[in-house]
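**Student:** Curious how this folds, go ahead:
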Amino acid sequence: QYSFKEVFGTLVVQKELFDVVAKPLVEDLIRGKNGLLFTYGVTGSGKTHTMTGSPGDGGLLPRCLDMIFNSIGPFQAKRFVFKLDDKNGVDVQCEVDALLERQKRDAMPVPKTPSGKRQIDPEFADMINVQDHCKVEEVDEDNVYSVFVSYIEIYNNYIYDLLEEAPFDLIKPKWNNCNTPVRNGDFIPPQSKILREDQNHNMYVTGCTEVEVKSTEEAFEVFWRGQKKRRIANTQLNRESSRSHSVFIIKLAQAPLDADGDNVLQEKEQITLSQLSLVDLAGSERTNRTKAEGNRLREAGNINQSLMTLRTCIEVLRENQMYGTNKMVPYRDSKLTHLFKNYFDGEGKVRMIVCVNPKAEDYEESLQVMRFAEMTQEVEVARPVDRPLCGLTPGRRFRNQAFREELSRKLEMRGGPINGETEEQSVSEMFLQNFPPLPSCELLDINDDQTLPKLIEVLEKRHKLRQMLSEEFAKNVLAFKTMLQEFDSSVLSKENYIQGKLSEKEKTIAGQKMELERLEKKIKTLEYKIEILEKTATIYEEDKRNLQQELESKSQKLQRQASDKRRLEARLQGMVAETTMKWEKECERRVAAKQLEMQNKLWVKDEKLKQLKAIVTEPKNEKPERPSRERDREKPVQRSVSPSPAPNAPPVRLRHRRSRSAGERWVDHKPPSNLPTETVMQPHVPHAITVAAASEKALAKCDKYMLTHQELASDGEIETKLIKGDVFKTRGGGQAVQFTEIETLKQESPTGRKRRSSPSNPDPPEDAADSEWTDVETRCSVAVEMRAGSALGPGYQHHAQPK
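**Tutor:** Just a heads-up that it's a prediction; the model follows:
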């Protein structure tokens, strides 16, 4: 998406486009300001159509010409009153010099090119037939105007004059019999023009033909004459593709009339020369799409290079204005940008029309065009132009005309100057008729004495009447002189009064001028300060945007870090809670294990004391039985790595133990997974209730409990353990079993016999067996051999679940 000041649809008419875009430029041209209007876009997007138009619907160029001549039509100067020099200036000539120039032009032979008196070429007659009659409302009526047009093209970065007169017949080459062209020695190719800079640092084309025109038809005829020379070619994208940038320049010279309102003021400083340039740029194109080769390829390269230079200049201007830098703008890299350097530096208003073709094939090129056009809107180049002040009374042209009309009317009423003279003569005759008539002066007789006295009398009367008239005239003259003196004195007094007033006004005006100068200096100072402040504000705004972006990135980073921190805290809290629960369970387990170990130690101590008491209180005359060899052959109980079962403490007096338990009742718990063993010695418990699973009913009827447990030993033999315990009631009404001892039944091979005792306590030799078993200390050590703290030791209790 791109934003522009105005967007026109595909069905827009030329008049609407002209009113919005070109009309303000024409108004500025008549007010003495420069303007530049150019069309920009991809090749085939309608730039030439927008500028020139089509039959029946003229484009921007003929409409601009029509508006100019509609506005200044009655105020145009005669030909050659204004004369352009070869240094981009203009001079004003007097009426005599202009008349001589016109006579010289009329005496020249008529050129072959179309003249203004011939009929308009029907090829472009419809283009300039504009019925809108658009004109500028406020035109200075005390000025005279002249319009000059020129037409140039920039082809392969060279400037050519399209209005330059050349022998058209010599351009066509001659052909020989071999159907090949022959070099024409008389043919002179068109010479390129040079750009120069005038004293006001404005660029202009030296030696360019500038034609003074007096009507829209004449101006467009000159344009059409140059248009036929413009270079066009047929490409894959456009049948008539412009291969050059064309520039149609309209110069308007204007100068004020003198104080009488008759002739042009002969002061060069009062001449204002404004210029409107209408540029039809060649379209940017990609050579792989146009299939350009040879000259067409070179032309496309130069076109794209000049457009790229234009884009670079606009970008540097934009950067200098936005960031307050002072980078050099590369105007001289292209003739196009070098020619219009003054416009980009602020010498006039610049308007650009972007032409876009909605074809899908032009998508990439159209994006580049609109991106550049949108960027150019941010460049401000216009600045006010000071016009010279002539100091003459406005409206003098019409006052002079009104005076002439009134004078001619008065003369007509009075009959003219000759009739006035006859009236004066008749008045003198009437005055002489008032004198006495003269008598006859003929003397017929020498003795006539009456004629002379009568004549003397009449002459004396006339003399007296004349003296009376002379005295009356002298009195009238004296009275008139007195009146004149009085009038002179009154005029003198009034002049003195007026002089005093004028001196006061002059002092006031001088003071106001000084005040104006001071205010102008102050305005310039303030404008300079405002410019500096705007640049500073732009820099600060850029810094503010950068800091805001940095702040936003920092805040986002802090938010991410805070969220990471919250997730880490939640994870750590979970880990802490899990670890706390784990260690609480571990502590509870260790406390329970420690309590069980202490109970086992207490139980072991109690058993030791009981056995010691039994040994000590046993009568000494009885000789203890010697254990049988089968019992000696029994393998000692192996201890497992996990909490090992309580070691088997073999009773010293087995018969005594049996006799003690003969009257007790047992619960013989034999799981169904047990296998029958082939040992000679089999457990036999009288009055026993045999069960496959422990039950509360069976435990309630018995005092003792025995569990038959089988496991596979390390040598591959089945080892049967008889785990015995006491049954007692609990406070909850259930039954509990406290294991007291373990008996082991196992078969071994004679070659793989192991000793009963541990490696730290080797078995004593057989020859000393009798003495060991008779020794009380030895039997005590055998009795207390069961290790405390095992999982299956005497401290282990089995609780039955109450129903």
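
**Student:** What values do phi and psi take at the residue lying farthest from the centre of the chain?
**Tutor:** Going by CA atoms, centre = their mean, the residue of the chain most distant from its centre is Asn447, 132.7 Å out. With angles defined as degrees, to the nearest 10, Asn447 sits at phi -90, psi 10.

**Student:** low-confidence ranges in the protein?
**Tutor:** Confidence mapping of the chain against pLDDT under 70 gives the ranges 108-127, 129-132, 166-189, 231-241, 285-294, 381-398, 414-441, 443, 619-663, 751-803.

**Student:** ranges for the helices of the stretch 551-700 of the chain?
**Tutor:** 629-633, 654-661, 696-701 (DSSP state H, counting those that start in this stretch).

**Student:** Can you point out the buried residues in stretch 136-147?
**Tutor:** 136, 139-140, 142-147 (16 or more other CB atoms under 10 Å). In short, each C-beta sits where N, CA and C put it, glycine included.

**Student:** brain fart, stretch 366-373
**Tutor:** Per 16+ other CB under 10 Å, stretch 366-373 contains these buried residues: 366, 369-370, 372-373.

**Student:** What of stretch 317-335?
**Tutor:** 317-318, 321, 329, 331, 333-335.

**Student:** For the residues you listed, give me a markdown table that also has distance to Asp564.
**Tutor:** Shown next, in a markdown table, are the buried residues of stretch 317-335 (distance: CB to CB, whole Å):
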| residue | distance to Asp564 |
| --- | --- |
| Leu317 | 48 |
| Arg318 | 43 |
| Gln321 | 45 |
| Val329 | 51 |
| Tyr331 | 56 |
| Asp333 | 54 |
| Ser334 | 56 |
| Lys335 | 62 |
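
**Student:** just these now: which is nearest Lys704?
**Tutor:** Using CB to CB, the shortest approach to Lys704 within those belongs to Arg318, at 108.3 Å.

**Student:** Would you check that my belief about that closest one contacting Met375 is correct?
**Tutor:** Yes. The criterion here is CB atoms under 8 Å, and Arg318 meets it with Met375 at 6.4 Å.

**Student:** Quickly find the element holding Phe148.
**Tutor:** strand 143-155 (DSSP states H and E).

**Student:** let me fix that: Ser71
**Tutor:** Using DSSP H and E, Ser71 falls in helix 60-72.

**Student:** what does that helix rub up against?
**Tutor:** Helix 60-72 has contacts (CB atoms under 8 Å, 6 or more residues apart in numbering) with 14-15, 17-18, 21-23, 25-26, 29-30, 37, 50-53, 58, 127-128, 130, 132-136, 139, 145, 147, 214-216, 219-220, 223, 248, 250, 252, 276, 278.

**Student:** Next, the buried residues of that helix.
**Tutor:** Quick answer for helix 60-72 (16+ other CB under 10 Å): 60-72.

**Student:** go on, stretch 96-106?
**Tutor:** Buried residues in stretch 96-106 (16+ other CB under 10 Å): 98, 101.

**Student:** Reformat the buried residues of helix 60-72 as CSV; add distance to Ala474.
**Tutor:** Compiled in CSV, the buried residues of helix 60-72 are given as follows (distance: CB to CB, whole Å):
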residue, distance to Ala474
Leu60, 81
Leu61, 79
Pro62, 78
Arg63, 77
Cys64, 75
Leu65, 73
Asp66, 73
Met67, 71
Ile68, 69
Phe69, 67
Asn70, 67
Ser71, 65
Ile72, 62
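
**Student:** Just give me the closest of these to Lys557.
**Tutor:** The nearest member of these to Lys557, counting by CB to CB, is Leu60 at 55.2 Å.

**Student:** Give me the neighbour count for the closest residue to the closest one other than its chain neighbours.
**Tutor:** Once flanking residues are discounted, Leu60 sits nearest to Ala22: 4.8 Å by CB to CB, 6 or more residues apart in numbering. Around Ala22 there are 24 other residues, counting by other CB atoms under 10 Å.

**Student:** Could you chop this protein up by domain?
**Tutor:** With domains defined by the TED database, the chain comprises 14-107+120-377, 462-578, 690-743.
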